[in-house]
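Participant: what follows is a predicted protein model with its sequence.
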Amino acid sequence: MQITRRGFLTLSGAVGGGVALSGLVNLMPTRAYADELGKMNRIKAAKQVITTCCYCSVGCGLICSVDKATGKIFNIEGDADHPINEGSLCAKGAGLFDLTEANKHRLTKVLYRKPYGTEWEEKDWDFALSRIARLVKDTRDKGFVKRNAKGELVNRCETIGHYGSSNVDNEECWIMSAKSRALGLVYIDHQARV
Amino acid sequence: MTNHYCDLKNADVILIMGSNAAEHHPIAFKWILRAKEKGAKIIHVDPRYTRTSARCDFHVPLRSGTDIAFLGGMINYIFENDKYFKEYVVNYTNASFIVDSGFHFKDGLFSGYDAKKRKYNKDTWTFDKDGRGIPRRDMSLSHPRSVFQLLKKHYSRYTLDKVSSITGVSKENLLKVYEIYASTGAPDKAGTECYALGWTHHTVGSQNIRTMAIIQLLLGNMGIAGGGINALRGEPNVQGSTDHCILYGNLPGYLKMPVASLGSLDKYLKKCTPVSNDPQSANYYSNYPNFFVSFLKSLWGDKANNANNFGYDWLPKLEDGKAYSTMHLFDAMYAGSVKGFFAIGADPAVSTPNSNKVRKALENLDWLVGENIFNNETYEFWRGPGVDPAKIKTECFLLPASASMEKEGSQSNSGRWVQWKYKAAQAPGDAIPVGEIEIKILAAVKKLYEKEGGPNAEAIVNMKWDYLDGKGSMDVLKLAHHINGRFTQDTVIEDKAKKTSTLFKKGSLVPTFGMLKADGSTACGNWIMSGSFGADGENKMMRRGKEDPTGLGLFPDWSFAWPVNRRIIYNRASCDVYGKPYNPNRKLLEWTGDKWVGDVPDGPWPPMADKAKGKYPFIMKQDGVASLFGPAMAEGPFPEHYEPLESPLEKNPMSSQRNNPAIEIFKSDMDKVASASKDFPYVCTTYSCTEHWCTGALTRWQAWLLEAMPELYVEIGDELAKELKIKNGERIKVTSIRGEAPCVAMVTKRFKPFQVEGKTVHQVGMPFNYGWLFPKDGGDSTNVLTPTVGCANTFCPEYKAFMVNVEKL
Amino acid sequence: MTTPQLVKLIDTTLCTACRGCQVACKQWNEMPGLRTKQWGSYQNPPDLQWNTWTLIRFQEYEDQSGNFDWIFRKDGCMHCTDAACVKVCPSGSLYYTPLKTVGIHHEKCIGCKECVAACPFHIPKYDAKTDKVYKCDLCYSRIRESQAPACVKSCPTGALTIGDKDAMIKKAYARVKELGGDANVYGDKFVGGTHVIYVLKYKPEVYESLPVDPKVPLSVMVWKDLLKPLSLLAAGAAAAGAFIHYITHGPKTPHEDGQEQKGGE
């Protein structure tokens, strides 16, 4: 019997992130016990989706096992096919599952705290987006610098700061970079500097 | 990273300095151990013995903030013992260039210093040029004003005695490291360096790295398999976020943010586009206008055209000479001038130095928008320790975001591999991707400007901003295409070498940045990402091919690496001037007479021995060679040791300049400094741990990780603990002139006192992973202790060396 | 066909204490994290406990000539061939799997804690809330499907590997030879040989919480050979457990009831 560290969830035909399981051959005609084996059966029946670790910058590959009935992730472990981590993970990566919906501390509602308020209130997206847009415009217009002291055209807004983030995807980073320039912001920074 | 993670296995010597790789990049460390298995020597230089030290061949402790002295001594050793790789140094660096006769260095200062501005006039930091405008060179390296001779002279001052006395490293230990590392100066040996925040978190951060770059160039270690300088970066997409330049000074692809004095597009392009008269210098940045105009087109689409200079006027212009970094932002916010603030996927109330000042600054805001997957200390500053919410006017929003595995998109690792990931599940509740929130916020603002107008409204209303799909969700693929770039009109591209001509229809994807144009015929969000898609639409970031034709672990068919899928940058320097690999056993690239074979080369041109068509290897540098002499740096073309802003020494042992003369001094009433003070006698450094990430803003909410590292602690050497009668596990407090941090004492043999300038200096260290919000009994940020000061070039804060006291409660 | 025997090899000289294994174990086995205290060590929880089946032990060690080393040792079930826990278990909860590892059926556990007292390595841990004992089962659910245990899979450096018994023992001895000095293989020679073995750099006595000469306690032999058959005649297995506990170890003490485990809530 051969057990390799690179066994689990061998991937084939990675199309659209849905990948097939193979190599899960039951070599042992042993008795099955529900409490021990249930998870493996669920894994076999699950949709496997590739992701990248969201902590350091090594870029380890992971596989999320998603229950097809509920659409929920129930297991995350290393991608054995990934050339960098080869299935292995550190403490943070191995615990990635605890960042999913399973973590009861996740934010799930739009929260608003009014001036001088002592608590958060739940709001909806429409409220937040329209109120934020109003505040952005008012602040920008009030403090906008068309020309500097020397009379040079500068078209900048120095009254709004923009911070973050190196923990979002490239496409989102580009959006932030473009958005802040469109608004004329200059106080633009993120974790790359700290 | 100049190289990439799997490549670490190819090294003969790995110097880990400024990094705690085993703890912060455990999977990178796996590749370091692969090298060790094959016989490589692994050296750890760090103030503290860590999990990294435990698995290295040996550990050498040095006092925080003295890396330049340590490495300067190595440069001196390399010269004194003739360990440099002469052929490489002569051909591939500016060692042979002749420096201006007005250039000098005296008592810690280079020529041109203006003490009032704390800045240098760099007029003498230049090279002599010949009649054609090409830098004059002395290939014998003997000219007294050659870079080589000046460099040698500069570091001759870094003697073993001097370096040992500054760093607290014994002379035997210095020699041991120097000897082993300098052995990689042989043509068939590779040495690499891994650094991280341990080097950047200093007032001399950039120069720490440059000192090592000089060593790597002297030893011929740049551009080779198993070589390079490798920043092990700390966030999952910090490479990508840097590439897309969510940074005040740059636009996506490291294009320069315009300043006020560059009032027109022409002026700007002229300033930013380097010129070289040397026909053998590829001077790739001569393509700068193609990249820049294509970027403007990506912002404003059809609204940006020749007639309006592609919208150049709409872009904000920075004030000349002014910085707008995180520390500047909070300084301005503390002064009351910043009124609104977006804090996205971040916790600056914990991560920014002098966080008591930062938290005070937040109280001045009219509004704050947070976007994250968990709550944190920034979003709840209005009810932080000692804050009365009823007195805080700020209107706050906390918007729920999708976690990484709940959205599709790409992330770039430190090795520049841009990897695609997929959406595994729906985010809980009302959460949506941060990108989608941002798209929707600007769309709402845009609507207001369309209706009401306002100053420079064109910049907003003209934005091409159609990145939501039919269902109103972020269209990630469309954005990725946009970043890669498209032809804005039917374009025929002629390839003279291949004698082909190809028609690209309007709207089709640009297959490489070589096809970008400055005439508005291409739009590209970020030129370095151009080529992440093929012309046929193939998303190269999704690739999962495992072929490894060179056997060096380049994995060219796995994801996409920028630029143009090059896995090791400056790779032409791995070969001699005829294109023959210096190390036939680790053949990264080889010129076969008509083409390069191996990794994607730094340009298709023949090697430089071909005087007609050949090019120098460092194609992104104006002169085609690497810079031993680096005039771009704020504090001097050669790195020099200066003490940290707060140091145990009253005097810099090297010169009369105690601190880096080019650092900016912040002057608010909360920016107190206590250097060489009896009240704060111990050097302190801060760091993370394997079990937490950054401020702990994600990991403290996770029970498995919190269980393993539950609470703020300070690591104290057993000798100091004995002196202070502190017991292991005892609750104590660490104080600086700016604040105090109650924590648990971890008494350890892993911190030893240093002998510095004839006196005993103790150092302690603390993690920066905790905050008051959660867990409630886990301690607060260590950044209440750190000073508002940073690197003279980057404004990366000095978290790694400052002075504290350690007290029993 | 003879059933293969698996051995997990823990090479302590390759461990970086990243604790990927410690968390991966909890992830796969769905064990919670509990609130702990910083007690002056990276080692947390301070000991194995009902929710922590694999634990990295951190130990600062200075040899006689003052050479310093930070020792990391992954602790967990050794999967003995002559397993004291299986011998004493009155309910059939602890059992030998066909792969010769020691499995555990939690639904059968009656919380008698016989195994806790009997194990020479102090591995099984009792949880008062569920009134059951917990320990590593070498991810039986995975290994029976030819998949590496969660800890082995997560290990970045090759400190943890698993494979055929003979091959792993051979590998361990080859590594010890390469290391030289006091390096030794731990586990293959006692309690009938364990299915988890260590490569240790130092003599076993150097390591905290590692028995130098682990033995199945004599009382366990008595239990297995004499009393267990008797107890099975008794009305309830739980009562038998308590009865036998009394006979072999004397009355329960408060310390033994699992309420005072360090670190946990």
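Facilitator: Happy to help now that I have it. Numbers count the residues shown, from 1 in each chain, chains lettered A, B, ... in the order given.

Participant: packing partners for the longest strand seen in chain A?
Facilitator: Counting residues, the longest strand in chain A under DSSP state E turns out to be strand A:153-163. The contact analysis (3 or more C-beta pairs under 8 Å, 6 or more residues apart in numbering or on different chains; DSSP states H and E) places strand A:153-163 against helix A:125-143, strand A:144-147, strand A:185-189, helix B:326-335, strand B:340-344. From N, CA and C alone the C-beta is placed, and that goes for glycine too.

Participant: adding mean neighbour count and distance to chain C as columns, could you present those in TSV?
Facilitator: Converted to TSV, these look like this (neighbours: other C-beta atoms under 10 Å in any protein chain shown; distance: least, C-beta to the nearest C-beta, whole Å):
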stretch	mean neighbour count	distance to chain C
helix A:125-143	18	33
strand A:144-147	16	49
strand A:185-189	26	31
helix B:326-335	23	29
strand B:340-344	26	28
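
Participant: sorry, back to before: buried residues, the longest strand of chain A. List them.
Facilitator: A:154-163 (16 or more other C-beta atoms under 10 Å in any protein chain shown).

Participant: these two touch, right, residue C:48 and residue C:119?
Facilitator: No - the criterion here is C-beta atoms under 8 Å, and residue C:48 misses it with residue C:119 at 10.5 Å.

Participant: could I get the helices and strands packed on strand A:153-163 as CSV with mean pLDDT and distance to residue B:504?
Facilitator: Shown next, in CSV, are these (pLDDT from 0 to 100; distance: least, C-beta to C-beta, whole Å):
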stretch, mean pLDDT, distance to residue B:504
helix A:125-143, 98, 38
strand A:144-147, 98, 40
strand A:185-189, 98, 33
helix B:326-335, 98, 41
strand B:340-344, 98, 36
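
Participant: and the residue lying closest to residue B:382 once chain neighbours are set aside, what is it in contact with?
Facilitator: Leaving aside its sequence neighbours, residue B:382 sits nearest to residue B:392 (C-beta to C-beta, 6 or more residues apart in numbering or on different chains; 4.2 Å). Neighbouring residues of residue B:392 by C-beta atoms under 8 Å, 6 or more residues apart in numbering or on different chains: A:115-116, B:363, B:381-382.

Participant: and which of the residues you listed is nearest to chain C?
Facilitator: Comparing those against chain C with C-beta to the nearest C-beta picks out residue B:381 as the nearest, at 25.4 Å.

Participant: quick one: the strands in the stretch 1-150 of chain C?
Facilitator: C:6-11, C:55-62, C:68-75, C:94-96, C:102-104, C:125-127, C:132-134 (DSSP state E, counting those that start in this stretch).

Participant: pretty sure residue B:747 is in a helix, no?
Facilitator: No - applying DSSP: H, G, I helix; E, B strand; the rest coil, one finds residue B:747 to be strand, outside a helix.

Participant: now for it, how many residues are close by?
Facilitator: 23 (other C-beta atoms under 10 Å in any protein chain shown).

Participant: in the sheet, who's paired with it?
Facilitator: Counting by DSSP bridges, residue B:747 is bridged to residue B:716.

Participant: domains in chain A, as residue ranges please.
Facilitator: A:1-44, A:46-104, A:110-193 (automatic domain parsing).

Participant: got the domain boundaries for chain B?
Facilitator: Using automatic domain parsing, chain B is parsed into the domains B:5-233, B:682-808.

Participant: turn those into TSV, including mean pLDDT and distance to residue B:490.
Facilitator: What follows is the domains of chain B, written out as TSV (pLDDT from 0 to 100; distance: least, C-beta to C-beta, whole Å):
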stretch	mean pLDDT	distance to residue B:490
domain B:5-233	98	39
domain B:682-808	98	43
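
Participant: CSV for those domains, including distance to residue B:527?
Facilitator: Formatted as CSV, the domains of chain B follow (distance: least, C-beta to C-beta, whole Å):
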stretch, distance to residue B:527
domain B:5-233, 21
domain B:682-808, 22
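
Participant: quick one, which of the helices and strands packed on strand A:153-163 gets closest to residue B:571.
Facilitator: Nearest of the helices and strands packed on strand A:153-163 to residue B:571, taken as C-beta to C-beta: strand A:185-189 at 32.4 Å.

Participant: mind giving me the packing neighbours of the closest one?
Facilitator: So strand A:185-189, by 3+ C-beta pairs under 8 Å, 6+ apart, packs with strand A:153-163, helix A:170-182, helix B:326-335.

Participant: and the angle from that strand to strand A:153-163?
Facilitator: Between the axes of strand A:185-189 and strand A:153-163, defined by axes from the mean of the first three to the mean of the last three C-alpha atoms, to 10 degrees, the angle is 30 degrees.

Participant: shouldn't residue B:111 be in contact with residue B:101?
Facilitator: No - with contact defined as C-beta under 8 Å, residue B:111 does not count as touching residue B:101 (10.3 Å).

Participant: among the two, which residue is more densely surrounded?
Facilitator: residue B:111 (17 against 9).
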